[in-house]
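Asks: predicted model follows, preceded by the sequence.
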Amino acid sequence: MTSSFAFMKQMRRHLNVPVGSTILLVLVLVALFAPMLASIDPQDIDPLARMKPASAEHVFGTDALGRDLWARTVWGARVSLIVGGLVAVLSIVIGVAIGMLAGYFRRLDSIIMRFMDGLMAIPGVLLAIALMATMRASLTTVVVAIVIPEIPRVVRLVRALVLTIREQPYVEAAVAVGTRVPAILLRHILPNLFAPVMVQATFIAASAVLTEAALSFLGVGIPPQVPTWGNMMAEGRNYISVAFHIVLYPGIFLAVTVLAINMLGDGLRDMLDPRLARKL
């Protein structure tokens with residue numbers, strides 16, 4: 001029994017990264033080649049083809065306005081992947097910079113962390129909705145609204161790591177020989193943050209994709225005329241009893257995307273954490 005459980009964990013470790021990365025690569029290619037994969041304009045309305053099921057002409061069927069669901073789903077992949085990627089990059093860059101300052105400079109620690117605690121006290125989705133309500137709906141606004149709640153989580157992670165790393169002998173030796181603080185941060189501390197920060201970035205990307213879909217579904221995200229998975233599901237919820245496929249296909253793509261990102265993050269954690277690697 002124990003050997004079987006260990007074997008399953010070993011297989012999970014070896015399969016998560018290739019499977020997750022392969023699915024993500026396919027989704028990225030679908031998003032990049034959306035104009036070639038979807039010959040029909042996602043905004044084209046055909047009142048005579050409203051809520052049609054899947055067919056040779058419309059692979060995923062049509063929505064309540066007669067728009068091709070395959071074209072809208074493929075183009076929606078672009079929005080979700082762009083939002084997930086931008087939110088992950090911006091959150092990591094800003095969070096790492098602030099977290100390193102908080103962890104290395106004790107005088108700044110209490111000031112920065114109290115501000116971050118205040119941000120974390122507000123639910124992320126509610127904060128994003130409040131920010132969206134004060135700004136014009138656009139892709140940039142959605143990215144900013146999702147990045148702000150994610151930054152405190154990165155800051156807390158990086159701060160905790162820096163507090164441990166700064167006590168290591170090689171950092172103390174660098175301080176003793178008079179190495180400047182920027183050099184210590186960039187040469188000795190930042191490289192040791194790579195593994196946990198990379199894992200955190202994948203989880204942030206997955207959360208951002210879900211948050212963008214939720215905001216669009218609630219009507220406070222990307223403008224309704226832009227094809228996104230959240231907008232498609234929001235428009236199809238009123239016809240779910242007669243045309244379930246309007247919600248089904250964007251929902252499947254959303255679930256597969258989040259699953260692939262989480263699998264990649266889980267696999268990276270197993271690979272990059274030496275303690276987990278030894279246990280496995």
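Replies: Looks like it came in fine.

Asks: how about low-confidence regions in the stretch 151-280 of the chain?
Replies: For the stretch 151-280 of the chain, the stretches flagged by pLDDT under 70 are 273-280.

Asks: in the stretch 151-280 of the chain, what residue spans correspond to helices?
Replies: Using DSSP state H, counting those that start in this stretch, the helices assigned to the stretch 151-280 of the chain run over residues 169-176, 181-184, 194-218, 229-236, 245-272, 274-279.

Asks: of all those, which lies closest to residue 96?
Replies: Across the helices of the stretch 151-280 of the chain, residue 96 has its closest neighbour in helix 194-218 (6.2 Å, C-beta to C-beta). Where you see a C-beta, it was placed from the backbone N, CA and C, and this is true even at glycine.

Asks: enumerate the positions of the closest one that are buried.
Replies: In terms of neighbour count (16 or more other C-beta atoms under 10 Å), helix 194-218 has its buried residues at 195-217.

Asks: how far off centre is it?
Replies: Put simply, helix 194-218 sits 2 Å off its chain's centre (C-alpha atoms, centre = their mean, to the nearest Å).

Asks: picking that back up, would JSON lines of the helices of the stretch 151-280 of the chain with distance to residue 99 be doable?
Replies: Listed next are the helices of the stretch 151-280 of the chain as JSON lines, based on distance: least, C-beta to C-beta, whole Å:
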{"stretch": "helix 169-176", "distance to residue 99": "16"}
{"stretch": "helix 181-184", "distance to residue 99": "15"}
{"stretch": "helix 194-218", "distance to residue 99": "9"}
{"stretch": "helix 229-236", "distance to residue 99": "30"}
{"stretch": "helix 245-272", "distance to residue 99": "18"}
{"stretch": "helix 274-279", "distance to residue 99": "22"}
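
Asks: do you know which of the ones you listed lies nearest residue 147?
Replies: Closest among the helices of the stretch 151-280 of the chain, using C-beta to C-beta: helix 194-218, at 8.2 Å.

Asks: so that closest one versus helix 229-236, what angle?
Replies: Going by axes from the mean of the first three to the mean of the last three C-alpha atoms, to 10 degrees, helix 194-218 is angled at 20 degrees with respect to helix 229-236.

Asks: mind giving me the packing neighbours of helix 194-218?
Replies: helix 69-104, helix 124-134, helix 139-165, helix 229-236, helix 245-272 (3 or more C-beta pairs under 8 Å, 6 or more residues apart in numbering; DSSP states H and E).

Asks: what is the last one packed up against?
Replies: So that's helix 245-272. If contacts are counted by 3+ C-beta pairs under 8 Å, 6+ apart, helix 245-272 sits against helix 2-32, helix 69-104, helix 194-218, helix 229-236, helix 274-279.

Asks: adding distance to residue 49, write the ones you listed out as JSON lines.
Replies: Output for the helices and strands packed on helix 245-272, formatted as JSON lines (distance: least, C-beta to C-beta, whole Å):
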{"stretch": "helix 2-32", "distance to residue 49": "23"}
{"stretch": "helix 69-104", "distance to residue 49": "11"}
{"stretch": "helix 194-218", "distance to residue 49": "24"}
{"stretch": "helix 229-236", "distance to residue 49": "15"}
{"stretch": "helix 274-279", "distance to residue 49": "52"}
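
Asks: quick revisit: so which of the helices and strands packed on helix 194-218 gets nearest residue 45?
Replies: helix 69-104 (11.7 Å).

Asks: list the buried ones in the closest one?
Replies: 69-81, 83-88, 90-92, 94-104.

Asks: picking that back up, out of the helices and strands packed on helix 194-218, which comes closest to residue 37?
Replies: When these are compared by C-beta to C-beta, helix 69-104 sits nearest residue 37, at 5.4 Å.

Asks: I'd guessed residue 258 sits against residue 206; true?
Replies: Yes - Residue 258 lies in contact with residue 206 (C-beta atoms under 8 Å); the separation is 4.8 Å.

Asks: grab the nearest non-local neighbour of residue 79.
Replies: Among residues not flanking residue 79 along the chain, residue 228 sits closest, at 4.5 Å (C-beta to C-beta, 6 or more residues apart in numbering).

Asks: and residue 62, its phi and psi?
Replies: phi -130, psi 160 (degrees, to the nearest 10).

Asks: who does it bridge with?
Replies: Using DSSP bridges, the bridge partners assigned to residue 62 are residue 68.
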